[in-house]
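Trainee: I would like the atomic coordinates for the input below:
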Amino acid sequence: MNPYVFLVGCPRSGTTLLRRLADAHPQLAVARGTRWLARTFEFRRGLTEDGYVMPKLVERLGADPFRMERLALREEDLEGLLAPGERLSFADFGTRLYDLYAGRHGKPHAGDKTPGFVRYLPLLHELWPSARFAHIIRDGRDVCLSVLDWRKDATGFSTFDRDPVTTVAVWWEWYTRLGLEGAGELEPGLCHEVRYESLVAAPEEECERLCTFLDLPYDDAMLRFHEGRVRDEPGLDAKRAWRPVTPGLRTWRAQLPREEIARFEAAAGELLDELGYERATGSVARGEEARAERVRMAFASEVLARGRPLPRAWSQAVAAGAA
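Mentor: Okay, the predicted model is just below:
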């Protein structure tokens with residue numbers, strides 16, 4: 001049943017690379033950026049209170065070229081999504097969307113790459129109990145370096161302007177912990193963890209592991225996702241240039257100033273430890289601890305104000321203080 005798999009993870013962690021590898025498999029087509037799906041169900045937008053699709057949801061979808069393009073939908077597809085008077089659950093509606101996407105690409109299975117869905121694993125599992133999840137995790141310091149190099153506030157949180165490094169550290173922890181906690185609520189065998197570092201170091205081995213998890217035969221077409229798409233225009237990063245799997249594109253040890261490494265580790269060092277990423281600095285200065293706590297409290301307050309969850313692993317004091 002579709003959706004077959006969700007590829008999730010903190011943004012800038014390698015979700016695009018993972019999608020390109022998976023999408024190149026002859027049996028799997030992976031859509032990208034359908035983040036509206038989870039929020040639509042969560043807040044019952046265009047749905048009845050008990051989760052059934054209303055005609056206005058289909059109308060809203062048809063009026064959004066971006067959403068139509070991301071799901072490879074055509075105008076004529078909309079007529080078949082909801083018959084007049086049909087009582088259709090949102091889960092079945094989503095399955096129809098992904099079935100159309102798979103069919104449009106001539107493949108039996110459809111997946112989805114929306115990094116932010118890492119915050120919604122239990123909700124997505126409730127909707128599609130047989131769907132699987134591949135959670136990609138990357139060293140947060142490389143994620144931080146990527147965000148800073150991007151010259152754009154990927155986090156969308158107000159503390160980024162005055163302290164981008166600490167904000168990215170807390171932001172990375174927020175995404176990653178919610179993914180880890182959500183995976184723990186799923187039935188065994190439904191979530192597969194992918195480490196970015198292993199993926200770029202041994203892509204064939206990691207693709208084979210992913211295929212085993214997905215019950216699909218390994219196909220070396222996955223490693224040839226870039227063929228016929230490579231662009232040589234100067235100034236393009238590896239993603240835009242469609243480069244093959246390339247290790248060492250960013251190395252925080254060489255490119256992130258030591259004081260910024262210390263600031264990141266002060267905020268998210270415990271999670272680095274839990275994930276097995278070695279710290280570069282020793283004890284945390286009291287001033288850095290206080291800075292990290294202030295940013296975390298402000299960050300948590302904004303998270304709650306937006307109606308989004310906090311990780312259980314964050315202290316009750318943080319949750320209470322943010323409220």
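Trainee: and Phe264, what element?
Mentor: Assigned by DSSP states H and E, Phe264 belongs to helix 258-275.
Trainee: so which elements touch that helix?
Mentor: Helices and strands touching helix 258-275, by 3 or more C-beta pairs under 8 Å, 6 or more residues apart in numbering; DSSP states H and E, are helix 140-150, helix 164-184, helix 286-305. Where C-beta positions appear, they are placed from N, C-alpha and C, glycine not excepted.
Trainee: for that helix, the distance to its chain's centre please.
Mentor: 21 Å (C-alpha atoms, centre = their mean, to the nearest Å).
Trainee: secondary structure class for Val194?
Mentor: Following DSSP: H, G, I helix; E, B strand; the rest coil, Val194 is assigned to strand.
Trainee: quick one: His25 and Ala221 touch, right?
Mentor: Yes: at 6.6 Å, His25 counts as touching Ala221 under the criterion of C-beta atoms under 8 Å.
Trainee: more crowded one of the two?
Mentor: His25 (23 against 13; other C-beta atoms under 10 Å).
Trainee: any idea which element the more buried one lies in?
Mentor: Short version, using DSSP H and E: His25 is in no helix or strand.
Trainee: and it, what does it touch?
Mentor: Contact partners of His25, counting by C-beta atoms under 8 Å, 6 or more residues apart in numbering, are 211, 216, 219, 221-222.
Trainee: let's see it at 10 Å
Mentor: By C-beta atoms under 10 Å, 6 or more residues apart in numbering, the contact list for His25 reads 107, 109, 111, 207, 210-211, 214, 216-219, 221-222, 225.
Trainee: okay, and which of these map to helices?
Mentor: When DSSP state H is applied, those are split such that 207, 210-211, 214 fall in helices.
Trainee: where does this protein have low pLDDT?
Mentor: By pLDDT under 70, the low-scoring segments of the chain are 151-153, 315-317, 319-323.
Trainee: any figure for the gap between the residue nearest the centre of it and Thr48?
Mentor: Nearest to the mean C-alpha position of the chain, by C-alpha atoms, centre = their mean, lies Pro115 at 1.4 Å. Distance, Pro115 to Thr48, using C-beta to C-beta, to the nearest Å: 29 Å.
Trainee: how about stretch 144-153: buried residues?
Mentor: 144-148 (16 or more other C-beta atoms under 10 Å).
Trainee: same check, this time on stretch 249-267
Mentor: Within stretch 249-267, the residues that qualify as buried are 250, 252, 256, 260-267, counting by 16+ other C-beta under 10 Å.
Trainee: ok, stretch 37-50 next?
Mentor: Across stretch 37-50, burial judged by 16+ other C-beta under 10 Å covers 37-38, 40-41, 46-47.
Trainee: which ones among the residues you listed lie within helices?
Mentor: Short answer: the buried residues of stretch 37-50 in helices (DSSP H) are 37-38, 40-41.
Trainee: nearest to Ala305, of those?
Mentor: Nearest to Ala305 among these: Ala38, at 18.6 Å, using C-beta to C-beta.
Trainee: what's the neighbour count on Arg306?
Mentor: Residues near Arg306, counting by other C-beta under 10 Å, number 9.
Trainee: how close does it get to Ser283?
Mentor: Counting by C-beta to C-beta, the separation of Arg306 from Ser283 is 34 Å.
Trainee: about what we covered before: next, format the ones in helices among the buried residues of stretch 37-50 as CSV and append distance to Trp174.
Mentor: Listed next are those as CSV, based on distance: C-beta to C-beta, whole Å:
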residue, distance to Trp174
Leu37, 21
Ala38, 16
Thr40, 22
Phe41, 21
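Trainee: show me which of these is closest to Trp242.
Mentor: Looking across those and measuring by C-beta to C-beta, the closest to Trp242 is Leu37, at 26.7 Å.
Trainee: skipping adjacent residues, who's closest to the closest one in space?
Mentor: If the residues on either side of it in the chain are set aside, Leu37 comes closest to Gly94, at 6.2 Å by C-beta to C-beta, 6 or more residues apart in numbering.
Trainee: the one you found sits in which helix or strand?
Mentor: helix 90-104.
Trainee: tell me if I'm right that Tyr277 and Asp139 touch.
Mentor: Yes: the criterion here is C-beta atoms under 10 Å, and Tyr277 meets it with Asp139 at 5.0 Å.
Trainee: show me the chain divided up by domain.
Mentor: The chain is divided into the following domains under automatic domain parsing: 1-138+187-247, 140-182+251-323.
Trainee: sorry, back to before: show me the two of the buried residues of stretch 249-267 that sit farthest apart.
Mentor: The distance between the two most remote of those (C-beta to C-beta) is 21.0 Å, for Arg250 and Ala266.
Trainee: in JSON lines: the ones in helices among the contacts of His25, plus neighbour count and distance to Pro65.
Mentor: Below are those laid out as JSON lines (neighbours: other C-beta atoms under 10 Å; distance: C-beta to C-beta, whole Å):
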{"residue": "Cys207", "neighbour count": "24", "distance to Pro65": "33"}
{"residue": "Leu210", "neighbour count": "23", "distance to Pro65": "32"}
{"residue": "Cys211", "neighbour count": "18", "distance to Pro65": "34"}
{"residue": "Leu214", "neighbour count": "20", "distance to Pro65": "31"}
